[in-house]
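**Student:** structure for this input, please:
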Amino acid sequence: MHIVQRGNNRGPCFFEDADRRFYLHHLARILPEASCELHAYCLMTNHVHLLVTPLASNSCACLMRRLNLLHSQYMNRKYERTGSLWEGRFRSCIVQSEAYLLNCYRYVELNPVRARLADSPDAFEWSSYRTNARGVPSTFITPHEEYQRLGTSAEDRYASYRSLFGGPEPMLAAIRQATNGNLVLGSRTFMDRLSASLGRRVERGKAGRPANRDKNVVRP
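**Tutor:** Just a heads-up that it's a prediction; the model follows:
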């Protein structure tokens with residue numbers, strides 16, 4: 001699952017490094033309690049990206065509910081503020097493994113570069129890039145199986161991972177659309193299977209009224 005949680009009215013959810021340390025401390029603590037594995041993250045100024053594998057149907061909701069409440073209380077006390085810190089419920093999309101997942105890793109960790117907060121993902125302290133690309137130790141990042149397949153040794157995986165970050169981002173628009181719409185990012189077969197399983201649409205529908213397949217029918 002790719003999760004995005006934004007600040008209310010796109011306002012800041014972090015004002016200084018201590019705020020981000022507080023968030024990460026409790027993220028690490030709540031992950032196992034909520035039965036979630038975290039693969040990538042990025043803490044921007046006014047929103048958060050998390051790439052997680054939920055191990056139960058309510059894992060993501062449990063993780064975000066507890067994390068958002070704790071961080072809201074902390075920010076309100078520290079900065080003597082009131083009201084909602086977050087913009088309602090988090091947005092998310094289900095991500096198919098294989099190339100889709102690795103593109104989501106890249107999307108999450110390139111956010112500071114796209115926002116011009118850093119010249120490279122390596123230069124931004126508040127993301128998982130240094131762990132995934134260089135092996136900087138982390139107590140709460142769990143490598144996904146697709147990440148593990150990047151190489152037979154840790155150094156091979158780091159090198160292969162870094163090589164993913166060159167050139168254009170072919171899935172940029174698709175990831176944004178799927179996440180903002182709480183949809184699915186994956187192949188046609190994967191989406192059709194999930195749609196049948198969930199009993200709902202998992203991709204963006206076409207605008208406008210459905211086409212009239214019987215041209216002889218006169219509508220009132």
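
**Student:** how much space between Ala123 and Glu155?
**Tutor:** Ala123 sits 22 Å away from Glu155 when distances are taken as CB to CB, to the nearest Å. For the C-beta atoms, the positions are set from N, CA and C on the backbone; glycine is no exception.

**Student:** just Ile141 next, same as before
**Tutor:** Between Ile141 and Glu155 the computed distance is 17 Å (CB to CB).

**Student:** and the two? Which one has more around it.
**Tutor:** Ile141 (19 against 11; other CB atoms under 10 Å).

**Student:** who touches that one in this structure?
**Tutor:** Ile141 makes contact with Leu38, His39, Ala40, Ser128, Thr131, Asn132, according to CB atoms under 8 Å, 6 or more residues apart in numbering.

**Student:** between these, which is nearest Pro54?
**Tutor:** Leu38 (10.6 Å; CB to CB).

**Student:** surely Tyr23 is in a strand?
**Tutor:** No: checked against DSSP: H, G, I helix; E, B strand; the rest coil, Tyr23 lies outside a strand; its state is helix.

**Student:** what secondary structure does the closest residue to it other than its chain neighbours sit in?
**Tutor:** Ranked by CB to CB, 6 or more residues apart in numbering and with sequence neighbours excluded, the top spatial neighbour of Tyr23 is His71, at 5.5 Å. Secondary structure state of His71, per three-state DSSP, is helix.

**Student:** hang on, Tyr105 packs against Tyr147?
**Tutor:** Yes: between Tyr105 and Tyr147 there is a contact under CB atoms under 8 Å: 7.1 Å.

**Student:** count the neighbours of Asn132 for me.
**Tutor:** So Asn132, with other CB under 10 Å, has 27 neighbours.

**Student:** swap in the one 4 residues further on?
**Tutor:** For Val136, the number of neighbouring residues by other CB under 10 Å comes to 11.

**Student:** which residues touch it?
**Tutor:** Counted by CB under 8 Å, 6+ apart, Val136 has contacts Arg130.

**Student:** does it count as helix, strand or coil?
**Tutor:** coil.

**Student:** more neighbours: Tyr105 and Tyr147, which one.
**Tutor:** The neighbour comparison of Tyr105 against Tyr147 (other CB under 10 Å) goes to Tyr105, with 24 against 19.

**Student:** helices of this structure, residue ranges please.
**Tutor:** 17-33, 59-79, 99-109, 111-114, 129-134, 145-148, 154-163, 172-180, 188-198 (DSSP state H).

**Student:** tell me what the fifth one is packed against?
**Tutor:** To tie it back to what came earlier, the one meant is helix 129-134. helix 99-109, helix 154-163 (3 or more CB pairs under 8 Å, 6 or more residues apart in numbering; DSSP states H and E).

**Student:** how about a cut-off of 7 Å?
**Tutor:** If you count contacts as 3 or more CB pairs under 7 Å, 6 or more residues apart in numbering; DSSP states H and E, helix 129-134 packs onto helix 154-163.

**Student:** output the helix it packs on as CSV, nothing but the C-alphas.
**Tutor:** Extracted C-alpha coordinates of helix 154-163, given in CSV (Å, rounded to 0.1, in the frame of the first residue of the first chain):
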residue,chain,number,x,y,z
ALA,A,154,23.7,-6.4,0.0
GLU,A,155,26.1,-4.4,-2.1
ASP,A,156,24.6,-5.6,-5.3
ARG,A,157,21.1,-4.7,-4.1
TYR,A,158,22.3,-1.2,-3.1
ALA,A,159,23.9,-0.6,-6.5
SER,A,160,20.9,-1.9,-8.4
TYR,A,161,18.6,0.2,-6.3
ARG,A,162,20.6,3.4,-7.0
SER,A,163,20.4,2.6,-10.7
